[in-house]
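Colleague: Mind looking at a prediction? Sequence and model below.
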Amino acid sequence: MKKIIMLLVFAFAYSFGYTQNDSNDSTMSTSVEYQKEMEQVKRKVEKSDEKAKKEKKEAKDLKNKEKIEKQVNSTSKAIDKQENQIERLQNQLEKGKLKGTLSPVDIQKMDDKIVKIQMKVMKGQEKLKKLKRKM
């Protein structure tokens with residue numbers, strides 16, 4: 001009887017220890033699987049972040065390019081306007097000289113205006129060259 005009880009206790013203890021070993025193995029395998037899944041999720045998140053950054057950068061570049069094109073158009077318009085103003089002032093100066101209605105002081109003032117506007121045109125052209133290089 002004693003031997004049977006000892007045998008049952010021993011068998012019970014052994015089976016209990018065996019179930020603990022099984023649970024440890026299954027816990028280890030689930031933790032390994034969990035880590036693998038976490039790594040996959042992490043990779044997917046990193047890829048989506050990279051993709052989002054790339055799209056954001058492309059949108060920013062497109063916006064910057066449109067801004068530069070707008071500046072180029074604005075600068076070229078300003079240059080054309082100033083060149084027309086120079087032509088108009090030169091025509092007024094020639095007509096005034098032919099008619100004799102302009103005093104030497106008026107002639108000097110108009111010449112100064114023309115030179116000043118020509119300087120603005122030159123600066124505008126330099127700015128336009130820089131903007132075109134950026135494109």
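Modeller: Yep, that arrived. Numbers count the residues shown, from 1 in each chain.

Colleague: Phi and psi next, for the spatially most central residue of the chain.
Modeller: In the chain, the C-alpha nearest the mean C-alpha coordinate belongs to Lys60, at 3.2 Å (C-alpha atoms, centre = their mean). Backbone torsions for Lys60, taken as degrees, to the nearest 10, come to phi -70, psi -40.

Colleague: before we move on, what about Lys127?
Modeller: According to degrees, to the nearest 10, Lys127 has phi -60, psi -40.

Colleague: That one touches Thr75, doesn't it?
Modeller: Yes: with contact defined as C-beta atoms under 8 Å, Lys127 reaches Thr75; the gap is 5.6 Å. Every residue, glycine included, has its C-beta placed from N, CA and C.

Colleague: Of the two, which one has the most company?
Modeller: Applying other C-beta atoms under 10 Å to Lys127 and Thr75 shows that Thr75 carries more neighbours, namely 20 against 15.

Colleague: for the record, mean pLDDT for stretch 68-83?
Modeller: Averaging pLDDT along stretch 68-83 yields 96.

Colleague: quick one: buried residues of it?
Modeller: 71-72, 75, 79, 82 (16 or more other C-beta atoms under 10 Å).

Colleague: Could you dump those into TSV with distance to Ser48 and secondary structure added?
Modeller: Below are the buried residues of stretch 68-83 laid out as TSV (distance: C-beta to C-beta, whole Å; DSSP: H, G, I helix; E, B strand; the rest coil):
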residue	distance to Ser48	secondary structure
Gln71	35	helix
Val72	36	helix
Thr75	41	helix
Ile79	47	helix
Gln82	51	helix
